[in-house]
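1. Got a predicted structure here, sequence first:
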Amino acid sequence: MRVVLAGASGTLGTALLPMLMAAGHEVLALTRSERRAARLAAAGVPSLRADLLDADALLAALDGHTADAVIHQATAISGPPMFHRDLYATDDLRERGTANLLRAAAEIGARRFLTQSFFLGYGYRDHGAEPLDEDRPFGEPTGHRAVDRHLRSMRSNEEQVLGARGVDGIALRYGMFYGPEPSTRRLADLARRRLLPVPRSGGVTAPIHIHDAATATMAALERGRAGQAYNVVDDQPVCFADYVRALAAAAGAPEPLAVPGRLLAVLPYLHLLMVTTSIRLSNAKAARELGWRPAYPSHREGLRAAFDCEWSRERAA
Ligand SMILES: NC(=O)c1ccc[n+]([C@@H]2O[C@H](COP(=O)([O-])OP(=O)(O)OC[C@H]3O[C@@H](n4cnc5c(N)ncnc54)[C@H](OP(=O)(O)O)[C@@H]3O)[C@@H](O)[C@H]2O)c1
């Protein structure tokens with residue numbers, strides 16, 4: 001397939017690109033940056049300069065091109081989000097960015113469109129012990145203004161893509177990314193400096209190793225059903241405090257300090273993520289329909305592998 005990849009230089013794009021190329025797909029990357037375009041070119045990936053939020057410039061950049069599929073992996077989260085404002089640019093990419101890219105996809109004749117969605121579209125709250133499947137309500141408003149802004153953009157992203165005419169739209173509801181990637185490195189660095197506390201009574205979250213997020217995306221590109229959303233999480237939910245402890249141990253950092261959860265309230269988004277939200281997700285639909293299984297069934301194997309890989313890189317440097 002000829003695939004246009006928005007967000008090719010990002011966390012997931014970086015893991016996805018070599019898989020797309022190894023499978024024989026012809027990739028055309030989108031990037032806003034000259035420097036990133038040069039890096040992509042050095043890896044043998046042609047790119048176009050385009051901003052998803054500038055509809056006219058995006059259409060102009062793609063003018064004369066054709067593609068079979070478009071993949072939207074553009075987000076704008078520069079690191080672990082602490083405040084609600086850290087997500088506004090990503091909210092915009094999920095609403096206007098998706099609309100613009102869908103329009104461009106139609107112009108270049110794409111028949112398939114995959115979009116990055118997010119597991120917390122089910123809501124930032126305690127969902128109880130039962131794993132959620134894809135039929136649960138997604139992106140429903142809660143009455144909390146800051147949270148609803150994120151939820152509205154996640155719902156809009158999915159509604160636009162899953163309801164698009166003339167294109168097979170698929171949404172991938174990724175869990176929390178970790179692995180050899182920037183947020184995990186940043187958290188490890190904080191843990192090594194004893195600046196990453198764990199809440200004493202934290203919530204439960206659903207991680208996904210970045211490699212497994214990319215293999216699920218490949219499977220969805222090839223076998224995903226039109227109009228469907230898929231949960232892309234590993235097999236085991238984890239209490240946030242245990243996740244941070246496992247990350248610190250894998251990174252060779254000291255045992256993190258346990259603090260009362262309310263102390264994290266000064267970082268409202270992080271507090272919502274680490275303390276308020278408890279969520280377990282079923283990945284059975286992705287297993288059944290995409291034939292996908294995670295290589296790292298839990299964060300334990302995934303974090304060990306991620307830091308073994310970091311250490312061998314450091315030793316080689
Ligand atoms: N599910 C999750 O847990 C999740 C999801 C997303 C991100 N994150 C975390 O957040 C951190 C940052 O990741 P990230 O992928 O957002 O950042 P990133 O690695 O900087 O990548 C963002 C990507 O989106 C593209 N992009 C951003 N704004 C764009 C625009 N207006 N038009 C076109 N392309 C645009 C960027 O392209 P150019 O800069 O090349 O133009 C880049 O390829 C990571 O460590 C990751 O773990 C987590």
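-> It's in.

2. pretty sure residue 236 belongs to a strand, no?
-> No. The assignment for residue 236, made by DSSP: H, G, I helix; E, B strand; the rest coil, is coil rather than a strand.

3. Any residues of this protein in contact with the ligand? List them.
-> With C-beta under 6 Å from any ligand atom as the criterion, the chain comes near the ligand at residues 6-11, 13, 30-33, 36, 51-53, 74-79, 93, 118, 174, 176-177, 181-183. Any C-beta I mention is one placed from the backbone N, CA and C, and that applies to glycine too.

4. Show me which of those are buried.
-> The neighbour count (16 or more other C-beta atoms under 10 Å) marks 6-11, 13, 30-31, 36, 52-53, 74-77, 93, 118, 174, 176-177, 181, 183 as buried among these.

5. Please flag which of the residues you listed sit within helices.
-> Of these, the ones assigned to helices by DSSP state H are 11, 13, 36, 183.

6. Need the residues you listed in TSV (columns: pLDDT).
-> Converted to TSV, these look like this (pLDDT from 0 to 100):
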residue	pLDDT
11	95
13	97
36	96
183	91
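
7. Tell me which two in those are the farthest apart.
-> The span of these, defined through C-beta to C-beta, is set by 36 and 183 at 18.4 Å.

8. Now do the same for whatever residue of the chain ends up closest to the ligand: its pLDDT.
-> Nearest residue of the chain to the ligand: residue 10, at 2.5 Å (C-beta to the nearest ligand atom). Per-residue confidence (pLDDT) for residue 10: 95.

9. and what of residue 302?
-> pLDDT for residue 302: 97.

10. Any stretches of the chain with poor pLDDT?
-> Along the chain, segments meeting pLDDT under 70 span 310-317.

11. list the buried ones in stretch 108-126?
-> In terms of neighbour count (16+ other C-beta under 10 Å), stretch 108-126 has its buried residues at 108, 110, 112-125.

12. For the residue most central in space within the chain, list the residues it contacts.
-> Among the residues of the chain, the one closest to the centroid is residue 174, at 5.2 Å (C-alpha atoms, centre = their mean). Each residue near residue 174 by C-beta atoms under 8 Å, 6 or more residues apart in numbering is listed here: 12, 116, 117, 118, 119, 208, 213, 232, 233.

13. and the gap between the fifth one and residue 258?
-> So that's residue 119. Residue 119 sits 25 Å away from residue 258, going by C-beta to C-beta, to the nearest Å.

14. same check, this time on the first one
-> Note on residue 12: its distance to residue 258, by C-beta to C-beta, is 32 Å.

15. Neighbour count: these two, which is higher?
-> residue 12 (24 against 15; other C-beta atoms under 10 Å).

16. so what's that one up against?
-> So residue 12 contacts 73, 116, 174, 177, 210, 213, 214, 217 (C-beta under 8 Å, 6+ apart).

17. Looks like residue 114 contacts residue 221 (just checking).
-> Yes. Counting by C-beta atoms under 8 Å, residue 114 touches residue 221, with 6.1 Å between them.

18. Quickly list what's touching both of the two.
-> In contact with both residue 114 and residue 221: 69, 71, using C-beta under 8 Å, 6+ apart.

19. still on that earlier bit, if we take the ones in helices among the buried ones among the residues of the chain next to the ligand, which one ends up nearest to residue 98?
-> Proximity of these to residue 98 was ranked by C-beta to C-beta; the top entry is residue 13 with 15.9 Å.

20. ok, now how distant is that closest one from residue 55?
-> With distances taken as C-beta to C-beta, residue 13 is found 21 Å from residue 55.

21. ok, now residue 19?
-> The value you get for residue 19 to residue 55, if C-beta to C-beta is used, is 29 Å.

22. likewise residue 27?
-> 23 Å.

23. between those two, who's got more neighbours?
-> Between residue 27 and residue 55, residue 27 has the larger neighbour count (other C-beta under 10 Å), namely 23 against 16.

24. Contacts only, for the more buried one.
-> 3, 4, 5, 8, 17, 20, 21, 45, 46.

25. what sits against the fifth one?
-> Listed by C-beta under 8 Å, 6+ apart, the contact partners of residue 17 are 5, 8, 27, 29, 43, 45.
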